[in-house]
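Engineer: below: sequence and its predicted model.
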Amino acid sequence: MQELLKNKRLWVLIALFVVLIVILLIAFQQCSKEADKTQPVKVAQDFKEDYAKWSDLKLNGDICQPAYLAELREMETDFRAVYVKAKKPDVWDGLSEQDRKIYSAYGDVGTELKVMNDAIEARDYKKAQVVLTGILEIEEKVKKEMTL
């Protein structure tokens, strides 16, 4: 009889352990779902920080100069990284059509910054200025679309 009681205690402990594992699994799944909801917010924060840096650079004057090359390379990398993050399905699906246009435009800006930076490195300042004009036109187009 005592042997059977020990077995019952063992089975009760095993059952409690299994219930605990199931509860933990459910809790972890809920946490991961909540983390997925914050992805678009994180991308937006990264973009805002990068755009603020870009705006500061533009305010400094003629940015088609070698003195700004390191900062421009950083902007190129940052804009492209934000675009790559935004294009992930778990983020892209949570974005509005307007936000998608913004991130796509700044993905293009990141690509154009690479061309501009390469031109600055090659000391082809006229080409860099032409590319910068194109970048500013992309920005203007996005701003106009946002105000419509």
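Structural biologist: That came through, no problem.

Engineer: pLDDT at residue 116, what is it?
Structural biologist: You'll see residue 116 listed with a pLDDT of 90.

Engineer: ok, now residue 137?
Structural biologist: 90.

Engineer: quick one: contacts of whichever helix or strand it is part of?
Structural biologist: Element membership of residue 137 [criterion: DSSP states H and E] is helix 125-147. Identification of contacts with helix 125-147 by Cβ atoms under 8 Å, 6 or more residues apart in numbering yields 63-65, 98, 101-102, 105-106, 108-109, 112-113, 115-116, 119-120. For glycine as for every other residue, the C-beta is placed from the backbone atoms N, C-alpha and C.

Engineer: may I ask which two of these are separated the most?
Structural biologist: Maximum pairwise distance among the contacts of helix 125-147 (Cβ to Cβ): 33.8 Å, between 65 and 98.

Engineer: quick revisit: buried stuff in the helix holding residue 137?
Structural biologist: Of all the residues in helix 125-147, those buried under the rule 16 or more other Cβ atoms under 10 Å are 127-129, 131-132, 135, 139, 142.

Engineer: ok, residue 116 - contacts?
Structural biologist: Contacts of residue 116 (Cβ under 8 Å, 6+ apart): 64, 72, 128, 131-132, 135.

Engineer: what's the neighbour count on the residue lying closest to residue 117 once chain neighbours are set aside?
Structural biologist: Excluding the flanking residues, the one nearest residue 117 by Cβ to Cβ, 6 or more residues apart in numbering is residue 72, at 5.2 Å. Residue neighbour count, defined by other Cβ atoms under 10 Å, stands at 23 for residue 72.

Engineer: how much space between residue 72 and residue 65?
Structural biologist: 9 Å (Cβ to Cβ, to the nearest Å).

Engineer: who touches both of these two?
Structural biologist: residue 120.

Engineer: ok, back up a step: which one of the contacts of helix 125-147 has the most neighbours?
Structural biologist: Highest count within these by other Cβ under 10 Å belongs to residue 116, 27 neighbours.
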